[in-house]
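*Asks:* quick one, what's the 3D model for this:
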Amino acid sequence: MNILIITECSARKSIEHKNQLIREDFEKKEDHVKKREAELEKDSIILKRKLSCPAGEMYIGQQFNLIRSGIAAAREAKNIKIDLHIISTGYGLIEENRTIYPYEVNFDNNSEYINKWAKNLKIPKIFRNLISKKYDLIILALSRNYLTACLINDEEDIFKSKTLLVGPTSNLRDGIANLYPLNTGLIIAQAIGGAGRGAIKGEITRIVLTYIANTEPNNRINVLNNILNKIIDINGENKGIIRLLQDMKDSI
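*Replies:* Numbering: from 1, shown residues only. Purely as a prediction, here's the structure:
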């Protein structure tokens, strides 16, 4: 079973440094970013500690840690391959093994600005390339600003594989082919537990991945289809979402 997960970076990082990269660095050409990274490498030698690591190890926010827990459960199971990609507000849409350095860049709550910055980082282009590949399941664990950065509200149906969207859905047009929206919010976060509202996307992703991992390998596709069909039947109704998630959580 092949699963693609696209999630977002976190403000909390495993490495911090006063000379970290900032927005102005990323606004300049790639050569400038490499020059700044080289400066951090020199600082690393002086400080005698690493100032870079794979992206999958850089982010330590609660949501990201929960997703990482679900990925670990899936990777320990037989016949599940996970591809993890992360939307970084500095580096763009990157693989988990991409080496990065500490940075401080935020999305402003302005869709026009987010679209411009996302295009500068080539996020929509890379996103479309990723979701054009064939997977048994794609999970998008993304908050509103990161969804905006992906530009998935275009008129064309861009999802070629079954895609579970764990996040806000109110701004999406109806009827996007192969997209299964699972709305998150305070009511669901309080009912499911294990995470606050800001991290509920991570907890839901963890539950789904662990539930699939605990299923017999030859029955995983059937179980996945059953989950997605239930999401369609629930149609965004909070009680139905809570019941579905709680049943899965109780079984793991």
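*Asks:* all strands for the protein, in order.
*Replies:* For the chain, the strands defined by DSSP state E cover 2-8, 21-22, 53-54, 81-88, 92-95, 99-100, 103-104, 137-141, 163-166, 179-182.
*Asks:* deepest in the core, which of those is it.
*Replies:* When neighbours are counted by mean count of other C-beta atoms under 10 Å, the highest per-stretch mean among these falls to strand 137-141, a mean of 26. The way it works is simple: take the backbone N, C-alpha and C, and place the C-beta from them, glycine included.
*Asks:* who does that one pair up with?
*Replies:* strand 2-8 (parallel), strand 163-166 (parallel) (DSSP bridges).
*Asks:* including mean pLDDT, could the ones you listed go into CSV?
*Replies:* Output for those, formatted as CSV (pLDDT from 0 to 100):
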stretch, mean pLDDT
strand 2-8, 98
strand 163-166, 95
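*Asks:* do you know which of those lies nearest residue 115?
*Replies:* strand 2-8 (16.2 Å; C-beta to C-beta).
*Asks:* tilt between that closest one and strand 81-88?
*Replies:* Calculated by axes from the mean of the first three to the mean of the last three C-alpha atoms, to 10 degrees, strand 2-8 forms an angle of 20 degrees with strand 81-88.
*Asks:* which outside residues touch strand 2-8?
*Replies:* With contacts defined as C-beta atoms under 8 Å, 6 or more residues apart in numbering, strand 2-8 is touched by 63-64, 67, 71, 74, 80-87, 93, 127, 130-131, 133-143, 146, 161, 201-202, 205, 209.
*Asks:* could I get the buried residue list for the lowest-mean-pLDDT helix or strand in the chain?
*Replies:* Counting by mean pLDDT, DSSP states H and E, the chain has its least confident helix or strand at helix 186-192, which shows a mean of 83. Applying a neighbour-count criterion of 16 or more other C-beta atoms under 10 Å, one finds 188, 189, 192 buried in helix 186-192.
*Asks:* for it, name the packing helices and strands.
*Replies:* helix 200-213, helix 238-251 (3 or more C-beta pairs under 8 Å, 6 or more residues apart in numbering; DSSP states H and E).
*Asks:* tell me the mean pLDDT for the first one?
*Replies:* Throughout helix 200-213, pLDDT has a mean value of 96.
*Asks:* swap in the last one?
*Replies:* In this model, helix 238-251 carries a mean pLDDT of 93.
*Asks:* give me the angle between that helix and helix 200-213.
*Replies:* Compare the direction of helix 238-251 with that of helix 200-213 by the same axes, to 10 degrees and you get 50 degrees.
*Asks:* CA atoms only for helix 238-251, dumped as PDB, please.
*Replies:* Output of helix 238-251 as PDB, limited to C-alpha atoms (Å, rounded to 0.1, in the frame of the first residue of the first chain):
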ATOM      1  CA  ASN A 238     -20.000  16.500  13.400                       C
ATOM      2  CA  LYS A 239     -21.700  13.600  15.200                       C
ATOM      3  CA  GLY A 240     -20.900  11.300  12.300                       C
ATOM      4  CA  ILE A 241     -17.300  12.400  12.100                       C
ATOM      5  CA  ILE A 242     -16.900  11.900  15.900                       C
ATOM      6  CA  ARG A 243     -18.400   8.500  15.800                       C
ATOM      7  CA  LEU A 244     -16.200   7.300  12.900                       C
ATOM      8  CA  LEU A 245     -13.000   8.600  14.500                       C
ATOM      9  CA  GLN A 246     -13.900   7.400  18.000                       C
ATOM     10  CA  ASP A 247     -14.600   3.900  16.600                       C
ATOM     11  CA  MET A 248     -11.200   3.800  14.900                       C
ATOM     12  CA  LYS A 249      -9.400   5.200  17.900                       C
ATOM     13  CA  ASP A 250     -11.000   2.600  20.200                       C
ATOM     14  CA  SER A 251      -9.700  -0.200  18.000                       C
END
